[in-house]
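1. the following block contains a protein sequence and its predicted model.
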Amino acid sequence: MKGIKKYIIENFSNFTFFYSILRYRLLVVFALAIFGGLLDSLGLTMFLPLLQMADGGTTTDLGSLSFLTDALKAIGIELTVIKALVILVVVFLLKGMVMYFSGIYKVKTQQLLTKTIRMNIINGLTTYSFSRFVQTEQGKIQNIFLGEVLRLSNTYSNYVTMIQGAILIIVYMLFSFIVDWKFALLVCGGGVLSNLVFLKVNKLTKERSINISSVNNAFAGLLMQYVNNFKYLKATGKIYNYRDKLEKSIDDVQHENLKINLLINQIAAFREPLLIIVIALVIGIQVYFIESKISAIIVSLLFFYRALVSIVTVQSSYNLTVTNQGAINNINDFYLELQKNKETPKGIYFRGFKENIFFRNVSFSYDKNKILQDINLNIIKNQTVALVGESGSGKTTFANLLINLLKSDEGEILIDGIDLYSYDPQSFNSKIGYITQEPTIFNDTIYNNITFWDKKNDENLVKFYQVASAASLNSFISSTKDKEDTILGNSGINLSGGQRQRISIARELYKNIDILILDEATSALDSETELEIKNNLDSLHGKVTMLIIAHRLSTIKNADVIYVFKDGKIENFGNFEELKKKSSYFNNLTNLQGI
Ligand SMILES: Nc1ncnc2c1ncn2[C@@H]1O[C@H](COP(=O)(O)OP(=O)(O)OP(=O)(O)O)[C@@H](O)[C@H]1O
C-alpha cells in the first residue's frame, strides 16, 4: 500500500513539474492518447462480428457492445462482413493518423520543455546573487545544462509513454470489461501482481539515479578545471596526475551507470516470463473454467494482448523515468536555489554619477568574520583612486561592494548622495567597467571582443576605432593581417598581458562606463609589460574615474589618492609622495619595488 501511495505521489510530482512548464499541452498529449486508444479499441471490436460471421454465424450480436451496432443502425448501416472490414480499415487508418500527430506533438512538447528549462536556468543565473554563485560547484552548473537537461528530456519522453500506456490500459480494460468482465478482472489481478514485483527494483534504481547525478557533477567540474587550467597543468607536468584524477572520475561514472543498467536488465529479463505466466493462467481459466464463446475469447485475447503490451510499456517506461529521476531533483533543487537568491530589478534607473561615490562607515563580514571595518573612502569623478595593502587586507572585497556584487552590513555607499542600493542593479552594473587580474578575452575577433558582438556598421566601427585609440590599441590592430577581424586565439593565449589588458580597457570604454575598476595582476610582469600597463592607465588619467587595486606601485604613481588597507581598515591615505612620508608600510613597499 505504502509503495503504491509513494508511486502515486512521485508520479503526481512529475506531473506537476511537467505541467508547470507545458500547461494545457500536457493534457493535449494525454487526450491524443485517449483518442488513439478509443479508435484502436473500436477497431478491435469490429473483429467480434467478423469472427462470428466467419464462424458461419449470421449474427452480428456484439453482446454488451451492441450499442455500437445500434449506433451504426441508427445512421443506416447494417453490419455485414464487408462493412465491418471497411470500418476496421477506416478506424485503424484514423488511429494511425492520430498516433502520427501524437508522436510529433510529443517531440514538440519535449523540445519546448528542454528549451524552457535551459532558459529558466540561464535567466535564473543571470539574476543569481554573486555571493551565492561563488559557493556553487561549477561542475554542477555545467552538468545541469548539458547532462541533466537531456536526462530530464528523456524522463519526459518516458513519462509520457508511461501515462499513454496507462491510459491505453484503462481504455482496453473498459472495453474488455464490456466484452467479458470476468476476463477483465483476471487481467487486473495479473497486472497488479507483476507490478508489485518490480516496485522494489524501481526503488533501488531511483537511489542509483541520484548517485549518477552527483558523479556526473563531479566529473563535469573536474573537466572544466582541466580545460581552464590547461596551461598550468601542461607547464608543470601535473597534467598526468590530473589525467589520473579524470580517469578515476570516469570510472566512478561508469561504475554507477553499470549498476543502474544491471537493475534495468534484471527488469527487462524477468518481465516477459512473468507476464507470459499471467497470460497462460488467464487463457487456461478462460477456456476451462469460464467456458466463454470462442469469438469472445479471441477478441478478449486481442484486448488482453494490447493491455499486456501497454503494461509492459508502462513498467519499462516507469523504470526509465525512475532511472532519470535524479535529474528532475537536481534541476528542481538548483532552480529553487536560483529563485531563492534572485536579484530582482528595482529602484532608480542609473544613468551615471556627476560628483562622487562615497563609502561612509562601511563594514562587511563573511559569515561572522569581519573583512572590512568602518571604511570611509571618497571617489571623485574622473579621479584615479588606488588601493594598496597586504594580501587578504580586503581590497577585492571593497571593489566587490562597489560593484554591488556584495552588500555591506553597516554604513552607506552614497552615489552623489543617493544610496547605492536604491538604484536598479542592472542599470548600475552596466555603467561599471571591470578588468580582473586575468583580463577576459573571448575566442572571437578583436571587433567582437571590444564591441561585445555589436552590429558592424559605419557608426559602430568609428566608435570601435575611437576606443581602440584611447586604449592604445591602434598599432597592435594595424600590425595584424585581418585588422579588427583578427581572431584572438584560445582565450587570447597569443596576446601579451599588456595587450590583453588594453583589449579589456577598450571593451569597457566602448560600453560608455562611468567608473573603471582594475584589479591588477599579482603575478610578476616583465618590466616592458609593466611599463605598457602604466602607460595604459596614465593615458586614461583624468578622463575616466578609476579604482585601481594595485600591486605594482609604478602603475599608480599618478593616482590622485592612494588608500593603504590593513586588516580590513584604512590605515592611511594620500598621494604617492605624501604616503611615502606618512606610511612606513608604503615607504617600505616603494623601496622593495625599487621606486
Ligand atoms: N567567499 C569568501 N568567503 C569567505 N571569506 C572570503 C571570501 N572571499 C574572500 N574572503 C576573505 O576575505 C579576506 C579579504 O579578501 P580580499 O580578496 O578582499 O583581499 P585582497 O586584499 O584583495 O587580497 P589580494 O591582494 O590577495 O587579492 C581574506 O581573508 C579572504 O580570505
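-> The structure has been received and is ready for your questions.

2. check what pLDDT the residue in the stretch 101-250 of the chain positioned nearest to the ligand gets.
-> At 5.1 Å from the ligand, Val134 is the closest residue in the stretch 101-250 of the chain, using CB to the nearest ligand atom. In short, each C-beta sits where N, CA and C put it, glycine included. For Val134, the pLDDT comes out at 81.

3. before we move on, what about Thr529?
-> 64.

4. just the one 5 residues further on next, same as before
-> At Lys534, the pLDDT value in this model is 71.

5. which SS class is the closest residue to it other than its chain neighbours?
-> Leaving out its chain neighbours, the residue that sits closest to Lys534 by CB to CB, 6 or more residues apart in numbering is Thr555, at 4.7 Å. Under DSSP: H, G, I helix; E, B strand; the rest coil, Thr555 falls in the helix class.

6. what about this structure, any weak spots by pLDDT?
-> 1-11, 54-66, 187, 191, 231-232, 290-297, 489-493, 521-530, 532-533 (pLDDT under 70).

7. how is it carved up into domains?
-> 2-340, 356-592 (automatic domain parsing).

8. stretch 494-507: which residues count as buried?
-> Going by neighbour count (16 or more other CB atoms under 10 Å), the buried part of stretch 494-507 is 495, 497-507.

9. how close does Asn265 get to Thr126?
-> 42 Å (CB to CB, to the nearest Å).

10. again with Ile375
-> Remark: distance between Ile375 and Thr126 (CB to CB) = 29 Å.

11. higher neighbour count, those two?
-> Ile375 (24 against 11; other CB atoms under 10 Å).

12. what about the helices in the stretch 251-400 of the chain?
-> Ranges of helices in the stretch 251-400 of the chain, per DSSP state H, counting those that start in this stretch, are 294-323, 325-340, 395-402.

13. contacts for stretch 207-217?
-> Applying CB atoms under 8 Å, 6 or more residues apart in numbering, the contact partners of stretch 207-217 are 137, 139-140, 143, 147-148, 249, 252-253, 256-257, 259-260, 263, 322-327, 329-330.

14. and the helix or strand hosting Glu571, what does it pack onto?
-> Glu571 is located in strand 569-574, with elements delineated by DSSP states H and E. Counting contacts by 3 or more CB pairs under 8 Å, 6 or more residues apart in numbering; DSSP states H and E, strand 569-574 packs against strand 369-380, strand 561-566, helix 576-582, helix 584-592.

15. how close does Phe18 sit to Tyr24?
-> Distance of Phe18 to Tyr24, computed by CB to CB: 12 Å.

16. neighbour-wise, which of these two wins?
-> More neighbours surround Phe18 than the other of Phe18 and Tyr24, with 22 against 9 (other CB under 10 Å).

17. I'd say that one and Asn158 touch.
-> No: with contacts defined as CB atoms under 8 Å, Phe18 does not count as touching Asn158, sitting 11.6 Å away.

18. returning to what we had before: does the strand holding Glu571 come close to the ligand?
-> No: Strand 569-574 stays clear of the ligand (CB under 6 Å from any ligand atom), getting no nearer than 11.9 Å.

19. touching that strand from outside, list them.
-> So strand 569-574 is in contact with 372-377, 389, 561-565, 579, 582-583, 585-586, going by CB under 8 Å, 6+ apart.

20. where do the strands sit along this structure?
-> For the chain, the strands defined by DSSP state E cover 356-366, 369-380, 384-389, 410-415, 418-419, 432-435, 515-519, 545-549, 561-566, 569-574.

21. and the third one, which residues are buried?
-> Okay, so that is strand 384-389. Applying 16+ other CB under 10 Å to strand 384-389 flags 384-389 as buried.

22. from those residues, which is closest to the ligand?
-> Gly389 (5.7 Å).

23. got the contact list for the closest residue to the closest one other than its chain neighbours?
-> Of all residues not flanking Gly389 in the chain, Phe565 sits nearest, at 3.2 Å (CB to CB, 6+ apart). Phe565 makes contacts with 387-390, 393-395, 398, 571, as judged by CB under 8 Å, 6+ apart.

24. relative to Tyr585, how far out is Phe565?
-> 10 Å.

25. then Thr323?
-> Taken as CB to CB, the span from Thr323 to Tyr585 is 61 Å.

26. those two: who's more crowded?
-> More crowded of Thr323 and Tyr585, by other CB under 10 Å: Thr323, with 23 against 16.

27. sorry, back to before: would you turn the helices and strands packed on strand 569-574 into CSV with distance to Ala550?
-> Listed next are those as CSV, based on distance: least, CB to CB, whole Å:
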stretch, distance to Ala550
strand 369-380, 15
strand 561-566, 8
helix 576-582, 11
helix 584-592, 10
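
28. quick one: which of these is nearest Thr545?
-> strand 369-380 (6.4 Å; CB to CB).

29. enumerate the positions of the closest one that are buried.
-> So for strand 369-380, counting by 16+ other CB under 10 Å, buried means 370-373, 375, 377-379.

30. and stretch 330-345, by the same measure?
-> For stretch 330-345, burial by neighbour count (16+ other CB under 10 Å) applies to 330-331, 334, 338, 341.

31. can you check stretch 472-481 too?
-> For stretch 472-481, by 16+ other CB under 10 Å, it's 472-473, 476-477.

32. nearest to Asp416, of those?
-> Nearest to Asp416 among these, with distances taken as CB to CB, is Ser472, at 31.0 Å.

33. I'd say that closest one and Asp538 touch.
-> No: at 10.1 Å, Ser472 and Asp538 do not qualify as touching, with contact defined as CB under 8 Å.

34. near the ligand, which residues of the stretch 101-250 of the chain? Just list them.
-> Val134.

35. all helices of the stretch 101-250 of the chain, in order?
-> Using DSSP H, counting those that start in this stretch, helices in the stretch 101-250 of the chain cover 130-133, 138-143, 149-179, 181-228, 230-236, 239-284.

36. between the last one and helix 294-323, how many degrees?
-> For helix 239-284 and helix 294-323, the angle between their directions (axes from the mean of the first three to the mean of the last three CA atoms, to 10 degrees) works out to 160 degrees.

37. chain center to helix 239-284: distance?
-> 26 Å (CA atoms, centre = their mean, to the nearest Å).

38. kindly report the same for the shortest one.
-> Relative to the mean C-alpha coordinate of its chain, helix 130-133 is positioned 17 Å out (CA atoms, centre = their mean).

39. what does the second one give?
-> Here the centre of helix 138-143 is set off from its chain's centre by 9 Å, with CA atoms, centre = their mean.

40. would you mark the buried spots in it?
-> Result for helix 138-143 [16+ other CB under 10 Å]: buried residues 139-143.

41. which parts of the protein sit against the ligand?
-> Proximity of the chain to the ligand, by CB under 6 Å from any ligand atom, involves residues 134, 366, 371, 389, 391-397.

42. rewinding a little: okay, the domains of the chain in a markdown table with distance to Ile348 next?
-> Converted to a markdown table, these look like this (distance: least, CB to CB, whole Å):
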| stretch | distance to Ile348 |
| --- | --- |
| domain 2-340 | 18 |
| domain 356-592 | 5 |
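
43. could you measure from Leu402 over to Phe270?
-> Counting by CB to CB, the gap from Leu402 to Phe270 is 65 Å.

44. more crowded one of the two?
-> Leu402 (22 against 14).

45. quick one: residues contacting the more buried one.
-> With the criterion set at CB under 8 Å, 6+ apart, Leu402 makes contact with 357, 359, 413, 515, 517, 547.

46. which of these count as buried?
-> For the contacts of Leu402, buried by 16+ other CB under 10 Å: 357, 359, 413, 515, 517, 547.

47. tell me if I'm right that the second one and Ile413 touch.
-> Yes: at 5.5 Å, Phe359 counts as touching Ile413 under the criterion of CB under 8 Å.
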